[in-house]
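A.B. asks: Here is my input, please return the structure:
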Amino acid sequence: MRRILIFIIICLSWSLPVSAFVINDKVYLNACGSNPQEYKTDPLNIHNVIIEVPNKIISLEKSKYDRPIQTLATSSLRFNDKNYQITVSNFRDLVIKNERNEILAERKITGASSIYELKHKDKVVAWGVGWNKFCGEGYYEDLVDFSVLRIFVPYLKNNKVEIQQRVLAINTSKTYSSLKPSDNFVISTATKLWGYRNEGFYLNHKFYELTESDGLQFIFQYENLIEKVDISKLNPHETAIILAKYRQRTALEKFTKNNFEEIHNDLISRFNLVEEIAEDIAKLRKTCFSGKSFSSISEIAENCYILPDWIAEAPIEGGMLLYYYANLENPNKFIFGKNKKDFEDIIKFEVPDTKIDLWNEGEKISLKEEVLASITHPENFRLKMIDNDWTSSVQGCMYQFCSQKVFILFDLNVYGLIRREDINGKEDWVFFSRYEDSYSDLPKRFFDEVLNWQKEASAYENQIKTPNRIRFINDNNEVEDIQNFNPDTLGKPWIGIRIQNDDIGVLIPSVHKGSPAEKSGIMKKDIIIAFNNEEVKNIDDLERIKSNTKIGDEITLKIIRDKEIIEKKLILGDMPR
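C.D. replies: Sure, this is the predicted structure:
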């Protein structure tokens, strides 16, 4: 009977009502899901690097977030000889304060989270809130510790302590054994590699370092990375991705050939690919060990890897790499030193691969090579950080004494120009972009920076005048002649009307205010039936005829208004951007 009674008591304890919670008890979430309802009795601890802070029960009344209890978690750290404290109440309301009780950061967590202390040498250096949304789901759960962790880091900005916030997917448990002893805190993050079976796999590691002056920053220099991480202790395929990411072509080729079987056995074991790819691996073995050396990371990927895109697309994106270099005290030291090949590869990738008679000298030359040659003199080279949104610019000239010849803006996309002044002092500018089809598609932001570059370069060199000739080259090697350089306009002839097809011609639903059309007396509901005495039956006719005109031309439009045919003359303007 006693045993039965004990069994009943134990069963009841497994499903205790709210009253089973006790004030001052501590509960944990273990980062298991974005809004976990199950409370744990032990904290999450990942190699004593990430440790969960207890959530202390402060009330048995229901919280405002519909939880059966109210909780409070607190943690402190010392930075720059000052104390800072974070609190999270009811798993959602986060506040960070300094010693003077001033709020430095405040937010409402979207799900539910404990505080997770990030520690280095037993000292708290940062905090995080977040979760692993794959908790309990198997495969993905084993690849990441946190699918989302918002990290809060105190750092010095202009001699003032601020709180940096970064949202990352953390995989410390996967890379912990590869970390070397370091003066600074280093943590690894995971990003997805896409393409196989239309799924993403968290196999791409990125390492971040925490410093007092910069907060938590991606380690973008290979030499700095290998001081802190022994990449040989990663899985073979992950080591290869790291070498590709940091553009270590020679090391990647050597590692690939020395570890070909291990790399592909690594992939086979993860994805159970034995039957699917055994024949393909045999073919790759032949191409990889054909005796030739490969000239690029892409070539290594295509000839030696069963999933080549994961290697070919691994290198740090050029604009991001240049942005990191721009933050350095002496970026030229890196760009014209051992990293010169990386820089040249970035420029070559971003410039259209076309050969034209660029300067009317009777000889076709490579635009790519001309741009590269024009920014290789260290004394005239400038790499400039534009803002904090990964935007930077490159500018330079091939001679020691000459005005700036090339300007390239690395923004969301990349846009550039190369210029030359002829013996008569006339300016010839060639704009280019692999990402836009037409000069009219270039963003206003680019032209604003071009004008800044023109002004700055003219201040310390020969004046850069407004161009007399303008061309644009796209990635299809199409050359477009532009009639007018004006950052606020598109350099295209403009009438200033909205148009739509009509049974007898082209209807004008509206006229732009201040346009050539308005100034000539063209009105809403007019119907165009002829352009310079050529019949206009539809919009295609109108655009075809207009394409043979240029800004400043006088044209004649024959229109129908109130069943009467009249003619209107106007001077074509420059289309506003």
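
A.B. asks: Chain neighbours aside, what residue packs nearest to Asn474?
C.D. replies: Asp437 (5.4 Å; CB to CB, 6 or more residues apart in numbering). C-beta: built from backbone N, CA, C; applies to glycine.

A.B. asks: Count residues in the vicinity of the spatially closest residue to Gly514 that is not a sequence neighbour, would you?
C.D. replies: Excluding its sequence neighbours, the residue lying closest to Gly514 (CB to CB, 6+ apart) is Gly496, at 7.7 Å. For Gly496, the neighbour count with other CB atoms under 10 Å is 21.

A.B. asks: show me the contacts for Gly496.
C.D. replies: 511-512, 514-518, 573 (CB atoms under 8 Å, 6 or more residues apart in numbering).

A.B. asks: repeat that with 7 Å
C.D. replies: 511-512, 515-518, 573 (CB atoms under 7 Å, 6 or more residues apart in numbering).

A.B. asks: Repeat that for Ser188.
C.D. replies: By CB under 7 Å, 6+ apart, the contact list for Ser188 reads 171-172, 175, 205-207.

A.B. asks: again, but for Val144
C.D. replies: 132, 134, 169-171, 190, 202.

A.B. asks: Of these, which count as buried by neighbour count?
C.D. replies: 132, 134, 169-171, 190, 202 (16 or more other CB atoms under 10 Å).

A.B. asks: Which member of those residues is positioned nearest Ile559?
C.D. replies: Proximity of those to Ile559 was ranked by CB to CB; the top entry is Ala169 with 61.6 Å.

A.B. asks: surely that closest one meets Phe146?
C.D. replies: Yes: shown here, Ala169 and Phe146 form a contact pair, counting by CB atoms under 7 Å, at 6.4 Å.

A.B. asks: okay if I get the buried ones among the contacts of Val144 as JSON lines plus secondary structure?
C.D. replies: Output for these, formatted as JSON lines (DSSP: H, G, I helix; E, B strand; the rest coil):
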{"residue": "Asn132", "secondary structure": "strand"}
{"residue": "Phe134", "secondary structure": "coil"}
{"residue": "Ala169", "secondary structure": "strand"}
{"residue": "Ile170", "secondary structure": "strand"}
{"residue": "Asn171", "secondary structure": "coil"}
{"residue": "Ala190", "secondary structure": "strand"}
{"residue": "Tyr202", "secondary structure": "strand"}
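
A.B. asks: Show me the contact partners of stretch 150-157.
C.D. replies: 79-80, 84, 86, 96, 105, 118, 126-130, 161-168, 210, 212-216.

A.B. asks: how about 6 Å then?
C.D. replies: The contact list for stretch 150-157, computed with CB atoms under 6 Å, 6 or more residues apart in numbering, reads 79, 84, 126-130, 161, 163-167, 212-213, 215-216.

A.B. asks: Now that stretch: buried residues?
C.D. replies: Buried residues in stretch 150-157 (16+ other CB under 10 Å): 150-155.

A.B. asks: same question, stretch 508-527
C.D. replies: 508, 511, 515-518, 520, 522, 526-527.

A.B. asks: now the end-to-end length of stretch 236-255.
C.D. replies: End-to-end distance for stretch 236-255: 9 Å, by CA to CA, to the nearest Å.

A.B. asks: Please name the bridge partners of Ser75.
C.D. replies: Ile86 (DSSP bridges).

A.B. asks: which residues does it contact?
C.D. replies: Listed by CB under 6 Å, 6+ apart, the contact set of Ser75 reads 53, 86, 115, 117.

A.B. asks: pLDDT value on it, please?
C.D. replies: pLDDT recorded at Ser75 is 98.

A.B. asks: what about it, distance to Glu117?
C.D. replies: From Ser75 across to Glu117, the span is 6 Å (CB to CB, to the nearest Å).

A.B. asks: Which neighbours do the two have in common?
C.D. replies: Contacts common to Ser75 and Glu117, judged by CB under 6 Å, 6+ apart, are Val53.

A.B. asks: which residue ranges form the helices in the stretch 101-250 of the chain?
C.D. replies: Secondary structure of the stretch 101-250 of the chain, counting by DSSP state H, counting those that start in this stretch: helices at 172-175, 222-228, 236-245, 249-258.

A.B. asks: Run the chain-centre distance for the last one.
C.D. replies: For helix 249-258, the gap between its own C-alpha mean and the chain's C-alpha mean amounts to 28 Å (CA atoms, centre = their mean, to the nearest Å).

A.B. asks: neighbouring contacts of the following helix or strand past that helix?
C.D. replies: Per DSSP states H and E, helix 249-258 leads on to helix 260-271 as the next helix or strand towards the C-terminus. Residues outside helix 260-271 that contact it (CB under 6 Å, 6+ apart): 235-237, 240, 274, 281.

A.B. asks: Quick one, which of these are buried?
C.D. replies: Counted by 16+ other CB under 10 Å, these give 235-237, 240, 281 as buried.

A.B. asks: just the residues you listed now: which is nearest Ile423?
C.D. replies: Ala240 (53.1 Å).

A.B. asks: ok, that closest one to Ile300 distance?
C.D. replies: 9 Å.

A.B. asks: cool, Asn184 as well?
C.D. replies: Asn184 is 32 Å from Ile300, by CB to CB.

A.B. asks: can you check Trp310 too?
C.D. replies: 12 Å.

A.B. asks: Among the two, which residue is more densely surrounded?
C.D. replies: Legend: neighbour count by other CB under 10 Å for Trp310 and Ile300, higher for Ile300 (25 against 22).

A.B. asks: Need the pLDDT of that one.
C.D. replies: 96.

A.B. asks: Turn the contacts of helix 260-271 into a markdown table, columns for pLDDT.
C.D. replies: Listed next are the contacts of helix 260-271 as a markdown table, based on pLDDT from 0 to 100:
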| residue | pLDDT |
| --- | --- |
| Asn235 | 90 |
| Pro236 | 93 |
| His237 | 91 |
| Ala240 | 95 |
| Val274 | 56 |
| Ile281 | 88 |
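
A.B. asks: Can I get these in CSV including distance to Arg419?
C.D. replies: Below are the contacts of helix 260-271 laid out as CSV (distance: CB to CB, whole Å):
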residue, distance to Arg419
Asn235, 49
Pro236, 48
His237, 46
Ala240, 42
Val274, 58
Ile281, 51
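
A.B. asks: Wait, Asn90 touches Lys62, no?
C.D. replies: No: judged on CB atoms under 6 Å, Asn90 makes no contact with Lys62 at a distance of 10.2 Å.

A.B. asks: If you count surrounding residues, which of those two has more?
C.D. replies: Asn90 (20 against 12).

A.B. asks: For that one, give me its contacts.
C.D. replies: Asn90 sits in contact with 63, 65, 70-71, where contact means CB under 6 Å, 6+ apart.

A.B. asks: Tell me which two of these sit farthest apart.
C.D. replies: Tyr65 and Thr71 (10.3 Å).
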